[in-house]
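Visitor: Provided below are the primary sequence and the corresponding predicted coordinates.
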Amino acid sequence: MGRMRNLLIPGVDKTLLVRDAIKTMPDLTRRRFITGGASLGALTLLTGCDVTDSFSAEEMLKQVSKFNDGVQALIFNPNAMAPTFPESAITKPFPFNAYYDLDEAPEVDGKSWKLEVRGLVENKKSWTLEELYQLPQVKQVTRHICVEGWSAIGSWTGTPLRDFLKLVGADTRANYVWFQCADKDGYNSPLDMQSALHAQTQMTFKFGDEILPRAYGFPMKIRVPTKLGFKNPKYVMSMEVTNDYKGGFWEDQGYNSFSGS
């Protein structure tokens, strides 16, 4: 009991901490955790973290997120497809979503833009937008699921990422494809290789059969319908195939990196 009393410190609300941790857990983990007794003590056992200040409270949540990454990666089925929908189900208007207002969205010059390809690939050539447009493309009508709790259905057209990785001679035994974007604050995002090779993961160039508008990520976004929305980077400037986990804009703030939907 003495150890638990040490956890009850000013500035750390144990009820809110447990609630936040539960929110970050995938469904199966969440159900088992709640059934087993959702408590700060249980979180301490799960993560190995004692909460003595706000920093260690944050660290505990990060440890829960890392635990979730391992569980979700283990149970991820690369053959399971995200649901698809008829075009009549498309959300209109499709919402703009970002951590800034639309008037702050990047304005990328498509004529001078080139996709930089780095890391564990045989061909590190940079690709112009016109060159990418010449690649075979497919359309998907899938649901975007935001971590904030809303969702919307959109029509996305582009080249399967796995086809492009094969084209550039990427080492698909590597752990990640890491994307850097034109958003303010140096936005970047890691994608595990299993998800990068998923049949529905797409280098998107069109929305609703039109060139991808600025609001949705022109000149290119990565559409990953098996992931939550923040794992679908927009305004992509470069991709790097790597074995190193380089973090990400939201991941560095404690969001779950795998974040399957």
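Guide: Looks like it came in fine. As the structure is a computational prediction, the values presented were derived from the model and not from experiment.
Visitor: ok, Gly158 touching Asp209?
Guide: No - at 11.9 Å, Gly158 and Asp209 do not qualify as touching, with contact defined as C-beta atoms under 8 Å. Every residue, glycine included, has its C-beta placed from N, CA and C.
Visitor: OK, contacts around the nearest residue to Arg214 once chain neighbours are set aside?
Guide: Distances taken as C-beta to C-beta, 6 or more residues apart in numbering place Ala105 nearest to Arg214, at 5.6 Å, with adjacent residues excluded. Contact criterion C-beta atoms under 8 Å, 6 or more residues apart in numbering gives 96, 98, 183, 214-215, 235 as the residues in contact with Ala105.
Visitor: nearest to His144, of those?
Guide: Phe96 (11.3 Å; C-beta to C-beta).
Visitor: that's a helix at Asp163, yeah?
Guide: Yes - remark: Asp163 belongs to a helix, assigned using DSSP: H, G, I helix; E, B strand; the rest coil.
Visitor: and it, how far is that from Trp156?
Guide: Computed as C-beta to C-beta, to the nearest Å, the Asp163 to Trp156 distance reads 15 Å.
Visitor: ditto for Cys146
Guide: When distance is defined by C-beta to C-beta, Cys146 is 16 Å away from Trp156.
Visitor: comparing those two, which residue is more hemmed in?
Guide: Neighbours per residue (other C-beta atoms under 10 Å) separate Cys146 from Trp156, with Trp156 holding more: 23 against 14.
Visitor: and that one, what does it touch?
Guide: The contact partners of Trp156, by C-beta under 8 Å, 6+ apart, come to 139-142, 202, 204, 206-207, 223.
Visitor: cool, and Ile222?
Guide: For Ile222, the set of contacting residues under the criterion of C-beta under 8 Å, 6+ apart consists of 161, 179, 189, 191, 201-204, 232-233, 236.
Visitor: show me where this protein has strands.
Guide: 114-119, 127-128, 138-145, 151-160, 176-181, 188-192, 202-207, 210-211, 221-223, 236-242 (DSSP state E).
Visitor: among these, which comes closest to Thr84?
Guide: Proximity to Thr84, assessed across those by C-beta to C-beta, is greatest for strand 138-145 (5.6 Å).
Visitor: buried set for that closest one?
Guide: 140-145 (16 or more other C-beta atoms under 10 Å).
Visitor: thinking again about what came up before, separate out the buried members of the contacts of Ala105.
Guide: Buried members of these, scored by 16+ other C-beta under 10 Å, are 98, 183, 215, 235.
Visitor: what residues are up against the closest residue to the last one other than its chain neighbours?
Guide: In other words, Tyr235. Nearest residue to Tyr235, sequence neighbours excluded (C-beta to C-beta, 6+ apart): Ala182, at 4.0 Å. The neighbourhood of Ala182, defined by C-beta under 8 Å, 6+ apart, consists of 106, 108, 235-237.
Visitor: any idea how far Ala182 is from Ala105?
Guide: From Ala182 over to Ala105 (counting by C-beta to C-beta), the distance is 9 Å.
Visitor: same deal with Thr157?
Guide: The span separating Thr157 from Ala105 equals 20 Å under the rule C-beta to C-beta.
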